[in-house]
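Asks: Fold the following.
(one chain, ligands or ions: 1)
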Amino acid sequence: MSDGSIDLRAEARARAFSVPLDEINVADDQLYRTDTHWPYFERLRRDAPVHRYEHPDLGPFWSISRYHDIVAVDSNWQDFSSTGSIVLEDPADDFNTPMFIAMDPPKHDAQRKTVSPALSPANLQTMEPLIRERAGAILDGLPIGETFNWVDKVSIELTTMTLATLFDFPFEERRKLTRWSDVITAPEGAPGFGTEDERRAELFECVGYFMNLWNERVNAEPKGDLISMMAHSEATRNMDQMEFLGNLILLIVGGNDTTRNTISGSIVALNQFPEQYRKLTANPELLPSMVSETIRWQTPLSFMRRTAVRDVEMHGQTIKAGDKVAMWYISGNRDETVIENPNAYIIDRERPRQHVSFGFGIHRCVGNRLAELQLRVIWEEIMKRFPVIELTGEPSRIASSFIHGYDDLQVRIPRRT
Ligand code: HEM
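Replies: Below is the predicted model of the structure:
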């Protein structure tokens, strides 16, 4: 990014390698808006793979930045618990929304098992024709020869439609899901999201809306949508309102933002690496591997947090019981000791599925195949229609250290002569 005479990237690099280690704050949302977080992680991987930072608001937290350390921590739920929170903030005392991503076994396992059939390969096979039909219709409706925001017209539209199907949510009202997703993830004070009280009021509206769907379904025959599944399962049928809201938040954000930002990321990546675009059009069989490479390169969720259950030694540091630990997937995916030339986007890598974007262990993303399916289908449909989609400006990135994505991506599809 260039800001007049100041080159923000060069400046960030110089600072990242000169600042004292204990001043590096990789939870600073602005680093992600300006895309300048990369050199800080490079420094941490090299000099402080288990790094402690005293955050003025969030308190102290450890950063794990190397690939294999992330896999080790993520796989060890006995020592690194998910209970309470998977972001650096702890839940507010008066607004706690338990969800199964922030639980340990056995409750986690039972709730995960409740929803996972909706995301099984068999169910996805049934969904594929519908996703394809919608992807085609979205692409056929795009304004050719004009500049438009790809995030809104394609990424959000397709993923919100899929989410509506998973919930069997009233289709015409599906943009409510997008709004709730944005309300959940918008940083505090973000324009358009009001005060904390207003934000909570919107989330109560969300749970109220879903409660009506629940009430319709709880007394009806069990069906394959997520609400009916939760209403009829031993593990979830007695959730109170806040836990219901928590699991809704998990499924809305999990199913929406992540895939949305990967679809947008594929456009950014192919424009930054045009030779890969040519490779893909010349050889469409590379698509599944391109999808995995995009998920690695984009890393739509930058980290997950754990809380140490006992004192653990790592790389000469003692993580104490009760300490917060962030596993920075966004850094692990750029670990130069594991992935060759990791900053480059290379769609025919030898091991394209070698990445940590979906996590590891008992919480490994349950929607990973649905994400890959949507990516593959949208690109199969794009390639039938458009030889090129041009980025016409610098992407506008989300100011968040957790959700790694874009809110505006101006593109143009050239008119064919
Ligand atoms: C490219 C898209 C996606 C990425 C990068 C992604 C990433 C992740 C990550 C990092 C985790 C936590 C893993 C861990 O702690 O070890 C996770 C969990 C989860 N994801 Fe995804 N996700 C994506 C798409 C989806 C989709 C489409 C859904 C569908 C609803 C979904 C639903 C979930 C759920 C429910 C969990 C909690 C699993 C558990 O705690 O057992 N995700 N995802």
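Asks: OK, contacts around the closest residue to Phe100 other than its chain neighbours?
Replies: Using CB to CB, 6 or more residues apart in numbering and skipping residues adjacent in sequence, the residue nearest Phe100 is Gln111, 3.8 Å away. Quick note: C-beta positions are derived from backbone N, CA and C, even for glycine. Contact analysis of Gln111 by CB atoms under 8 Å, 6 or more residues apart in numbering lists 100, 103, 235-236, 247.
Asks: Enumerate every residue touching the closest residue to Pro39 other than its chain neighbours.
Replies: In space, and not counting its chain neighbours, Pro39 is closest to Ala16: 3.7 Å by CB to CB, 6+ apart. Ala16 makes contact with 24, 39-40, 42-43, according to CB under 8 Å, 6+ apart.
Asks: rewinding a little: dump the contacts of Gln111 into TSV; add pLDDT and neighbour count as well.
Replies: Shown next, in TSV, are the contacts of Gln111 (pLDDT from 0 to 100; neighbours: other CB atoms under 10 Å):
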residue	pLDDT	neighbour count
Phe100	97	25
Met103	97	22
Ala235	96	18
Thr236	96	20
Asn247	96	23
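Asks: Please identify which pair of those residues lies farthest apart.
Replies: Met103 and Thr236 (11.8 Å; CB to CB).
Asks: near the ligand, which residues of this structure show up?
Replies: 74, 100-101, 112, 119, 250-251, 254-255, 258-259, 262, 295, 300-301, 304, 357-361, 363-367, 370-371 (CB under 6 Å from any ligand atom).
Asks: Show the buried residues in those.
Replies: Among these, the ones that count as buried by 16 or more other CB atoms under 10 Å are 74, 100-101, 112, 119, 250-251, 254-255, 258-259, 262, 295, 300-301, 304, 357-360, 363, 365-367, 370-371.
Asks: where's the nearest residue to Glu243 once chain neighbours are set aside relative to Glu205, distance?
Replies: Nearest non-adjacent residue to Glu243, counting by CB to CB, 6+ apart: Pro98, 4.7 Å away. Applying CB to CB, to the nearest Å, the value for Pro98 to Glu205 is 20 Å.
Asks: go on, Ser65?
Replies: With CB to CB as the criterion, Ser65 and Glu205 are 39 Å apart.
Asks: Test my guess that Leu88 contacts Ala27.
Replies: Yes: between Leu88 and Ala27 a contact is recorded at 5.8 Å, counting by CB atoms under 8 Å.
Asks: For this protein, give me the ranges with low pLDDT.
Replies: The chain contains residues with pLDDT under 70 at 1-6.
Asks: so after the top helix by length along it, what's the next helix or strand?
Replies: For the chain, the helix with the greatest residue count under DSSP state H is helix 241-272. Using DSSP states H and E, the next helix or strand after helix 241-272 towards the C-terminus is helix 274-282.
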